[in-house]
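*Asks:* Structure, please.
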Amino acid sequence: MKSITTLLLMFMILIAAHQDNFRYLNQGDSPYVDDIDDAESFEETRDAMDLLGISEDDQMMIFRIFAAVLHLGNVEIQLSGEEESIIEVTRNI
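*Replies:* Presented below is the predicted three-dimensional model:
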């Protein structure tokens with residue numbers, strides 16, 4: 001069984017950037033909320049997944065999907081001509 005620290009580290013590597021670099025996460029006034037410990041919240045989420053019987057491999061797949069969605073949120077598809085489009089990444093991660 002992997003430790004919570006190992007899984008948190010693996011998830012951070014999947015994202016590999018500060019939350020301000022993601023359009024889906026940087027829409028608020030501040031990425032930090034007083035009295036909220038992100039690592040503790042992550043551990044509670046993992047504990048809930050364990051309680052629901054979600055395996056560690058499936059949890060990592062969920063985190064990979066979440067990371068992919070965050071990255072895809074930074075992609076913009078712009079019209080370029082009548083039948084063409086341009087794909088641009090809006091944040092450099």
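
*Asks:* and the longest helix for the protein?
*Replies:* Across the chain, the helix with the greatest residue count (assigned by DSSP state H) is helix 56-72.

*Asks:* Contacts for the very next helix or strand once past that helix next, please.
*Replies:* Using DSSP states H and E, the helix or strand that follows helix 56-72 in sequence is strand 75-79. Outside strand 75-79, the residues that touch it by C-beta atoms under 8 Å, 6 or more residues apart in numbering are 85-90. Glycine gets a C-beta too; all of them are placed from N, C-alpha and C.

*Asks:* Work out the gap between strand 75-79 and the centre of the chain.
*Replies:* 21 Å (C-alpha atoms, centre = their mean, to the nearest Å).

*Asks:* Give me the sheet partners of that strand and which way each runs.
*Replies:* strand 85-89 (antiparallel) (DSSP bridges).

*Asks:* Show me the shaky parts of the chain.
*Replies:* 1-17, 91-93 (pLDDT under 70).

*Asks:* Spell out the secondary structure type for residue 20.
*Replies:* Following DSSP: H, G, I helix; E, B strand; the rest coil, residue 20 is assigned to helix.

*Asks:* before we move on, back to that, out of the contacts of strand 75-79, who's nearest residue 40?
*Replies:* Closest approach to residue 40 among these (C-beta to C-beta): residue 90, at 31.1 Å.

*Asks:* Tell me how many other residues crowd the closest residue to the closest one other than its chain neighbours.
*Replies:* Spatial nearest neighbour of residue 90, chain neighbours left out: residue 74 (5.0 Å); criterion: C-beta to C-beta, 6 or more residues apart in numbering. If you count neighbours by other C-beta atoms under 10 Å, residue 74 ends up with 17.

*Asks:* Residue 74 against residue 68, yeah?
*Replies:* No. Here residue 74 does not reach residue 68: they are 11.2 Å apart, not a contact under C-beta atoms under 8 Å.

*Asks:* Between strand 85-89 and the longest helix of the chain, find me the angle.
*Replies:* 110 degrees (axes from the mean of the first three to the mean of the last three C-alpha atoms, to 10 degrees).
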